[in-house]
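Q: when you get a sec, could you give me coordinates for this:
(2 chains)
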Amino acid sequence: MNSEELKKQEYKYGFTTEIENFKAPKGLSEKTIRFISEVKKEPKWMLDWRLKAFNRLKALKEPDWQKPKYPKINYQDLYYYSAPKSMKEKPKSLDEVDPKLIETYNKLGIPLNEQKRLSGVAVDAVFDSVSVATTFKGELDKKGIIFCPISEAIKKHPELVKKYLGSVIPISDHYFATLNSAVFTDGSFVYIPPNTRCPMELSTYFRINASETGQFERTLIIADKGSYVSYLEGCTAPMRDENQLHAANVELVALDDAEIKYSTVQNWYPGDKNGVGGIYNFVTKRGACRGKNSKISWTQVETGSAITWKYPSCILQGDNSVGEFYSIAITNNHQKADTGTKMIHLGKNTKSKIISKGISAGQADNTYRGLVDIGVKAKNSRNYTQCDSLLMGNKCGAHTVPYIKNKNSSSTVEHEATTSKINEDQLFYCNQRGLNQEEAVSLIVNGFCKEVLQQLPMEFAVEAQKLVSISLEGSVG
Amino acid sequence: MENLFNIDFTKISTSTKKEEFDRKQNFDLFLKNGLPNKKNENWKFSDLNLIISKNFKKITNNDNSKLDKKIELINDFDHNHIILINGVFKSCDIKFEEKKKLKVESLNSIENFKYRSNNNLHYLNKALSLGGFILEVQKDYKCKKPVVIYNYFTSNLDNKIINNSNKIKLNQNSELTLIEYNIGEKSKFFKNTFEKINIDKGSSLKSIIIQKTKSDGYFYKNISSFQDYNSSYQNFILSSGLKFNKLDIDINLEKENCNCHILSGLSLGKNEHQEIKTQINHLAPNCKSYQKIKNVLEDNSHGVYQGKIFVKDNAQKTDAYQLSKALILEDQAEFNAKPELEIYADDVKCSHGSSSGSIDADAIHYLMTRGIELQNAKKLLINGFLNEIFENVAEEKIKTFLEKCIKEQIDGI
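A: Numbering: from 1, shown residues only, chains lettered A, B, ... in the order given. Model (predicted):
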């Protein structure tokens, strides 16, 4: 791909879908929450839950310890619910879905039409505040796997939702998580029954379309005893001059011997070259390895958003449980990222591994912030952390802020971090072999990220590799 | 906070009315936010407010600086000395140096009363400081023998607070080795020290902090240093045996080609809590910083390392390294680390590493198969672990002396 092509590709998902919207009145109030709950035809317990969160929210303050500072968000100037009018009554099958929506997803490279699908990936497409369609439902049903929008799960599987919702991220964990608990609109719900291996990748595709809208989705994944699931998440948004808020909550629960693999390719609109517009991506993601020998693995490729602020974490409660975190965070132009993970070791023989690669170019700021906490009872636990940063130019910043706590003598914690620029010798070697500067940088950066890219499922790996190159466009030379 | 302190300003002899007013104003500023607690990022792992209020009641300021016992001087190597009693300058003996090349004076008045600080303990220090010493090395003079500061604490200090401040200045192309030697009687007090170090062009300062006796004191020491072209600053921290100790080291590499080293080897015993916090500011190109922090933790001790390397955008070709290692010997012990990098320049080499864990079981097994008892095998390995720190001390006699001190500490385990 030459640089001309790269330039054209700057942010190819920046288009807007002209579609009539049905919105909640502007502003954050009990009325808005009641409105959302009513539109979603939720049972009373769910409304009570939301109101409880809203009451707690009043007493909370926005956190301010993070590195990227942002102008104050006016929460009363946002729409908390926006859905295409055609979605007011949920279509029963794909044929009833507004063709405009199908077209949008086709444009994004996510065909919802099952017959046209290449490989078996079941998709739940979320457009602004509602889930548009979920594919491959029949096939999953046969195995007893539940994969549906969370609004549907609240009605159809209240016992599961009641049991697990808010069990990993408590109702009023911190400001943005509480805000989400109060106003979340849709998201995915996954339940894998015992001893079942999910036959295909499950995927959710988030799209923010409407302006002045915040997206607050909630995802809940439960892997019952001995099950396995791999879940993918992708996100895009149109190019706009305003900043939009995205505050999602993701909860994972892995019971005995279960494994959850959660991959994210986050490509929200990052704002233009001068730092105007873009998404504020303030997301809370947390997984609990509740059972023995359970495993949760987070993989993330963070290329978009004006500000990314998230820490996918693992609470390793069960003995012998394993937590993993693989991350690539690329910031260019005026983007800012403050991301990392928390590994809380509580059970015996728990293991965690953190591989984080940060790349900053332009005037961007990239921070890795992480916590490894080995509790008193977490005997024979092990952690290995590696975070490498790559700097391109002297106007950007790369920071590492690890917190390491070790409270027992049989556990070992190791942490390594390096910061450097692209090796001149490597560049020279590539140039010599006929690669131009941009291609050479792209190649080296891809090599730098390889350890993380390898962790992505096939379908995502190719896309992610391209993304890495595109995100760094214009940062060389 | 008012209940915790019972300060008597009449105990402080002030020269002017204004000084008295300034002191009181600084104390009011301190009371506004009180002692730092864990909500303060710099005190995240050592909640000073909790630690002090748990162990002290009605803290009063100390005005006694009379020597109650003869100080035993070190005979292992020739040295000049300065004697401080409860933080106050008492006497000095600079017998090995040329006249007027090394100036030592008592620091009487505290300057910059108005200076704003984001460290609340600074206000406390300015309000109550009784002085300390000023040490200045003249241009082009290389000190022949080290200067030992005997930091002596008397026995009647229970529930008292000591505030002092020191200034050290090395003029162009000078050299000095400074050894801070802490000795004292058993008493429970809180000491709050601020030290300012200026190292001019081409100068080199070597500083060693060592603790002679175990102490029930609670120490906080803030060192801020400023380095000019081609200067060098080496800091060895071997202050084991304190109930509570926090060293807050702020190093500013202001001009090109400076280097600084911070090397620490501590073994912490029962109820001990030590923290080393560093901030190395790389403000100019081609500077080098190196930090190696080692901790041996036994019983219910608590070790903390918070290190930050800051590289300004023009500080290209910076080489910064940070390593913290901890040996945790028992389950009640805890080690917390926060090795932080904040980098705004691209052509730099910055790395850090941190590890904590128990003694290598294979190594113990190896030694035991060769007939060494478990306890001795452990001591041998701990010794090896800590020895690495002061191996970098060039003077043979000082090195042997340090070795002896460390061995005594390890034998106590």
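Q: would you map the strands across the stretch 51-200 of chain A?
A: Under the criterion DSSP state E, counting those that start in this stretch, the stretch 51-200 of chain A contains strands at A:82-84, A:121-127, A:130-134, A:146-149, A:188-192.
Q: typo on my end, the stretch 251-400 of chain B
A: B:259-268, B:273-282, B:288-297, B:302-311, B:319-328, B:334-343, B:349-357.
Q: picking up where we left off before, could you export the strands of the stretch 51-200 of chain A as CSV, including distance to chain B, mean neighbour count and mean pLDDT?
A: Glycine gets a C-beta too; all of them are placed from N, C-alpha and C. Shown next, in CSV, are the strands of the stretch 51-200 of chain A (distance: least, Cβ to the nearest Cβ, whole Å; neighbours: other Cβ atoms under 10 Å in any protein chain shown; pLDDT from 0 to 100):
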stretch, distance to chain B, mean neighbour count, mean pLDDT
strand A:82-84, 38, 23, 81
strand A:121-127, 37, 25, 72
strand A:130-134, 41, 24, 68
strand A:146-149, 40, 23, 88
strand A:188-192, 36, 26, 93
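Q: kindly reformat those as JSON lines containing distance to B:Lys18.
A: Formatted as JSON lines, the strands of the stretch 51-200 of chain A follow (distance: least, Cβ to Cβ, whole Å):
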{"stretch": "strand A:82-84", "distance to B:Lys18": "65"}
{"stretch": "strand A:121-127", "distance to B:Lys18": "68"}
{"stretch": "strand A:130-134", "distance to B:Lys18": "70"}
{"stretch": "strand A:146-149", "distance to B:Lys18": "72"}
{"stretch": "strand A:188-192", "distance to B:Lys18": "69"}
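Q: and the pLDDT for B:Leu4?
A: Model confidence at B:Leu4, given as pLDDT, is 84.
Q: burial count for B:Lys70?
A: Counted by other Cβ atoms under 10 Å in any protein chain shown, the residues lying close to B:Lys70 total 6.
Q: now swap in A:Gln215 and tell me
A: Burial of A:Gln215 is recorded as 30 neighbouring residues (other Cβ under 10 Å).
Q: could you dump stretch B:139-158 to CSV, C-alpha only?
A: What follows is stretch B:139-158, C-alpha atoms only, in CSV (Å, rounded to 0.1, in the frame of the first residue of the first chain):
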residue,chain,number,x,y,z
LYS,B,139,36.3,25.7,43.4
ASP,B,140,38.8,23.1,42.0
TYR,B,141,39.3,21.5,45.4
LYS,B,142,39.1,17.7,45.7
CYS,B,143,38.6,16.7,49.3
LYS,B,144,41.3,14.3,50.5
LYS,B,145,39.2,12.4,53.1
PRO,B,146,35.5,11.8,53.4
VAL,B,147,33.4,13.9,55.7
VAL,B,148,31.3,11.8,58.1
ILE,B,149,28.2,13.4,59.6
TYR,B,150,27.5,11.9,63.0
ASN,B,151,23.8,12.3,63.3
TYR,B,152,23.2,11.6,67.0
PHE,B,153,19.8,11.3,68.7
THR,B,154,19.6,11.6,72.5
SER,B,155,17.4,9.4,74.7
ASN,B,156,14.8,11.9,75.8
LEU,B,157,13.1,12.4,72.5
ASP,B,158,9.9,10.5,73.1
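Q: helices of chain A, residue ranges please.
A: Along chain A, counting by DSSP state H, helices occupy A:3-8, A:30-39, A:44-59, A:99-107, A:137-142, A:150-156, A:158-164, A:175-183, A:424-432, A:437-453, A:458-471.
Q: now those helices in JSON lines, with mean neighbour count, mean pLDDT and distance to B:Ser356?
A: What follows is these, written out as JSON lines (neighbours: other Cβ atoms under 10 Å in any protein chain shown; pLDDT from 0 to 100; distance: least, Cβ to Cβ, whole Å):
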{"stretch": "helix A:3-8", "mean neighbour count": "12", "mean pLDDT": "43", "distance to B:Ser356": "45"}
{"stretch": "helix A:30-39", "mean neighbour count": "17", "mean pLDDT": "90", "distance to B:Ser356": "46"}
{"stretch": "helix A:44-59", "mean neighbour count": "16", "mean pLDDT": "93", "distance to B:Ser356": "37"}
{"stretch": "helix A:99-107", "mean neighbour count": "16", "mean pLDDT": "73", "distance to B:Ser356": "49"}
{"stretch": "helix A:137-142", "mean neighbour count": "13", "mean pLDDT": "82", "distance to B:Ser356": "45"}
{"stretch": "helix A:150-156", "mean neighbour count": "19", "mean pLDDT": "90", "distance to B:Ser356": "41"}
{"stretch": "helix A:158-164", "mean neighbour count": "15", "mean pLDDT": "93", "distance to B:Ser356": "34"}
{"stretch": "helix A:175-183", "mean neighbour count": "25", "mean pLDDT": "92", "distance to B:Ser356": "31"}
{"stretch": "helix A:424-432", "mean neighbour count": "13", "mean pLDDT": "91", "distance to B:Ser356": "34"}
{"stretch": "helix A:437-453", "mean neighbour count": "18", "mean pLDDT": "88", "distance to B:Ser356": "24"}
{"stretch": "helix A:458-471", "mean neighbour count": "18", "mean pLDDT": "77", "distance to B:Ser356": "34"}
